[in-house]
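Participant: Task: produce atomic coordinates for the following.
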Amino acid sequence: MLAYALLSLARKWRKYLFTLSIYAFTVAVFSSAILFSDAVQREAGVILHHLPELWVQRLAGGRLVPIEQTLIDSLRKIRGIKSIHQRTWGYWYDAATGAVFTLVAVDTTLTGLPLLNGISIPNLDSGQVIIGSGVAQLRNLQVGDFLALTDVGEHPYQFEIVGQFPVETSLLTRDMIALQAQQARKILQYAQNQCTDIAIRIHNPLEVDNIGRKIDWMFPSLRVVTKSQLMATYQTLFGWRGGLVMYAGLFAFLSMLVLAWERAAGSSTQERYETAVLKACGWHVEEVLRLRLVEAFLISFSATGLGIILAWGHVFIADAAFLKPLLAGWSVLYPSFHLQPYVSLTSLFFIILLSVVPYLVATLVPAWRSAIADPAEIMH
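Facilitator: Just a heads-up that it's a prediction; the model follows:
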């Protein structure tokens, strides 16, 4: 049966080559979205895994406002807290390029992250900065050049670039400018006793939620964010964006199936004649249906395999050139990064299920209608 099916496909290779091409392309579209979302979520999970368990922020009018460092002394009294680290960071708009850079004080929790392991972040002088690869590319800067930053009052500050984060860390540092904490506070208009938020590490991971509720109860004006909430937000974000592209690809795929159904429903004279000859030679309806299913199985699995290979090359070799601007976000300067190859078995099964089963169903009913027809009427 398999040999006959291969010979049957070979005789009509032009027709099936066109179907295979469209089929593989549509599978590649939604497979790219699935592979990209899986890889980004895994990458984000690896990074966030090393972050502190709790983050404490102060909100006013729904916006983030500075926190007085005296709050740290009050938080230290809570049992179960391992360490407390203040973070000073903020956003700086570059009118020359239209990009928004992230200013980060070097005493912030930059070390310990997997993408920054082995990278020495020195203690900077007041006039020195380290920049990300995107900042260097956008402003055409390199180590030894000077970078001018202004505060809210348009007061200029000159900084010498003494280092650049490597491209491998672009997922975290592409838009980053690391500078001394005191200079960061000046540009962000923070007082000397203020910081942006507070990172808290907990001795027992099982006590994270309890300590978070205790902080929330003791300080109603603070917002407590757990690492699990942050990870869920990233997974939801990329899952939603990936879903948009995946559903667009599914729509194109279903459109292709409608065309395949319509074409199969009006079987060609050659196919009807072939079915009549097979039945005249003693083939039963079940055997004819099995032949058509084997043909459809060969086409669908070949197209699905080719589509997955194309999607793999697009995402992990070509860095998702067509999807990254959509899934990574819209910005003048969005992260440029190279994803590590990864695909979950669940996603792989999901791709195969969505691409193979509908095509088999779309082939079965028209083939059955052709198989039950009277051979004499077809050959007449």
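Participant: Tell me what Thr150 is bridged to.
Facilitator: Following DSSP bridges, Thr150 is listed with bridge partners Pro156.
Participant: so it sits right up against Tyr157, yeah?
Facilitator: Yes. At 7.0 Å, Thr150 counts as touching Tyr157 under the criterion of CB atoms under 8 Å. (C-beta placed from N, C-alpha, C; glycine too.)
Participant: which residues do those two both contact?
Facilitator: Ile187 (CB atoms under 8 Å, 6 or more residues apart in numbering).
Participant: Mind jotting down where the strands sit in the stretch 101-250 of the chain?
Facilitator: Applying DSSP state E, counting those that start in this stretch to the stretch 101-250 of the chain gives strands spanning 128-131, 146-150, 156-164, 176-179, 194-195, 197-202, 222-226.
Participant: Of those strands, give the one that comes closest to Glu43.
Facilitator: Comparison of the strands of the stretch 101-250 of the chain against Glu43 by CB to CB identifies strand 176-179 as nearest, at 17.1 Å.
Participant: for Arg58, which residues make a bridge with it?
Facilitator: Beta-bridge partners, per DSSP bridges, of Arg58: Val65, Leu222.
Participant: What is the burial count for it?
Facilitator: 19 (other CB atoms under 10 Å).
Participant: same check, this time on Val143
Facilitator: The burial count for Val143: 12, using other CB under 10 Å.
Participant: ok, now Asp73?
Facilitator: With other CB under 10 Å as criterion, Asp73 counts 9.
Participant: In terms of residue numbering, what are the domains of this protein?
Facilitator: For the chain, automatic domain parsing gives the domain ranges 2-46+233-379, 53-225.
Participant: Could you tell me the least trusted of those domains?
Facilitator: With a mean of 72, domain 2-46+233-379 has the lowest mean pLDDT of the domains of the chain.
Participant: Roughly how far does Phe159 sit from Leu141?
Facilitator: Distance, Phe159 to Leu141, by CB to CB, to the nearest Å: 11 Å.
Participant: nope, Ile215 is what I meant
Facilitator: 41 Å.
Participant: who has more neighbours, those two?
Facilitator: Legend: neighbour count by other CB under 10 Å for Ile215 and Leu141, higher for Ile215 (20 against 15).
Participant: residues in contact with the spatially closest residue to the more buried one that is not a sequence neighbour?
Facilitator: Leaving aside its chain neighbours, Ile215 sits nearest to Val224 (5.2 Å; criterion: CB to CB, 6 or more residues apart in numbering). Going by CB under 8 Å, 6+ apart, Val224 touches Leu54, Trp55, Val56, Gly212, Arg213, Ile215, Asp216.
Participant: Would you agree Tyr342 is in contact with Arg42?
Facilitator: Yes. With contact defined as CB under 8 Å, Tyr342 counts as touching Arg42 (5.2 Å).
Participant: Relative to Val29, which of the strands of the stretch 101-250 of the chain is closest?
Facilitator: Each of these has some distance to Val29 by CB to CB; the shortest is strand 176-179, at 33.1 Å.
Participant: any idea which element Ala33 lies in?
Facilitator: Take DSSP states H and E as the rule and Ala33 turns out to sit in helix 13-49.
Participant: buried set for stretch 18-36?
Facilitator: For stretch 18-36, a neighbour-count test (16 or more other CB atoms under 10 Å) marks 19-20, 22-36 as buried.
Participant: Next: stretch 216-234.
Facilitator: Buried, per 16+ other CB under 10 Å, within stretch 216-234: Leu222, Val224, Thr226, Lys227, Met231, Tyr234.
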